[in-house]
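[1] Sharing a sequence plus its predicted fold:
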Amino acid sequence: MSTRIAFLKGHGTENDFVIVPDPENAMDLPPAAVAALCDRRAGIGGDGLLHVVRSAAHPEAKGMAAEAEWFMDYRNGDGSIAEMCGNGVRVFARYLQRAGHVTEGDLAIATRGGVKTVHIAKDGDVTVGMGKAVLPDGDVTVSVGERSWPAWNVNMGNPHAVAFVDDLAHAGDLYSPPPFSPAAAYPDGVNVEFVVDRAPGHVAMRVHERGAGETRSCGTGACAVAVAAARRDGADPTATGAPATYTVDVPGGTLVITERPGGEIEMTGPAVIVAEGEIDADWLESATPV
């Protein structure tokens, strides 16, 4: 291993990521190393890590290489593997543009949640095709302290429980995962969104992300919220043939979510690279227990 490893830091509506370019998948990034890099006091700091790998070089992405040259090997801030991160895809695309791998316009990015279509606009916003939402059957409840709410069960390639509340403060500190029931609904844990209405077609949310705690933004969460809000409001584009668009305020900014008549969901928002530098490999080795 070289003595220094290139990295960048970026964010999408303040959902922030450590970016590690590794086109040939030559680096070993065990969970402890990822957690050390994402540590906000002893490391670089981030809600997660974007490991940038060519699809053909990664065993989990080889089957998608014909559709997408690049694979987003996404990790949560605690080092655990995640299927998908919507804000991460936008920042991933911005990195590819900065590095000269792609230009403005359309591209495809492979993720564990499938191949995602991306559009980099001239005005700087990035739109990601997030696929279709799945709404599993069965009632779900989430709780904070003495309060409990029914929640919409929405899967965006990763699981979400969306609860509409009267006040976002009712979500508590969101340091720990909010309890949910039944346990069988989410055997691998769940991202929990708490939502209030701002105006017709306009909501605000807070989120506890699996493996990261409360984050400033969650792209798949914003999509899940928009779908839940649309169904609550009686809108189903697959049935009506009319798109449904919601503005979703997150603590770190604003995202615009549109569900198309075919069920495809698009998310539009900013993506920013704020810094680049080098990781000291000796430090990373010392921070990673054997």
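    In hand now; what should we look at?

[2] just the strands in the stretch 101-250 of the chain please.
    For the stretch 101-250 of the chain, applying DSSP state E, counting those that start in this stretch gives strands covering 105-111, 114-120, 126-132, 140-144, 147-155, 159-164, 180-181, 191-199, 202-209, 213-214, 244-250.

[3] Where among those is average confidence lowest?
    The minimum mean pLDDT among the strands of the stretch 101-250 of the chain belongs to strand 213-214 (a mean of 91).

[4] how about the helices in the chain?
    With DSSP state H as the criterion, the chain has helices at 31-38, 86-98, 219-232, 237-240, 281-287.

[5] Save these as JSON lines, and put in mean pLDDT too.
    Putting the helices of the chain into JSON lines (pLDDT from 0 to 100) gives the following:
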{"stretch": "helix 31-38", "mean pLDDT": "96"}
{"stretch": "helix 86-98", "mean pLDDT": "96"}
{"stretch": "helix 219-232", "mean pLDDT": "96"}
{"stretch": "helix 237-240", "mean pLDDT": "92"}
{"stretch": "helix 281-287", "mean pLDDT": "89"}
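
[6] Out of those helices, which gets nearest to G252?
    helix 86-98 (8.8 Å; C-beta to C-beta). For every residue, glycine as well, the C-beta is placed using N, CA and C.

[7] Just want the angle from that closest one to helix 219-232.
    Put simply, helix 86-98 runs at 130 degrees to helix 219-232, going by axes from the mean of the first three to the mean of the last three C-alpha atoms, to 10 degrees.

[8] what's the offset of helix 86-98 from the middle of its chain?
    Offset of helix 86-98 from its chain centre (C-alpha atoms, centre = their mean, to the nearest Å): 11 Å.

[9] and that helix, which residues are buried?
    86-97 (16 or more other C-beta atoms under 10 Å).

[10] I'd like to check the angle between that helix and strand 244-250, please.
    90 degrees.

[11] ok, and which of the strands of the stretch 101-250 of the chain has the densest surroundings?
    strand 159-164 (a mean of 26; mean count of other C-beta atoms under 10 Å).
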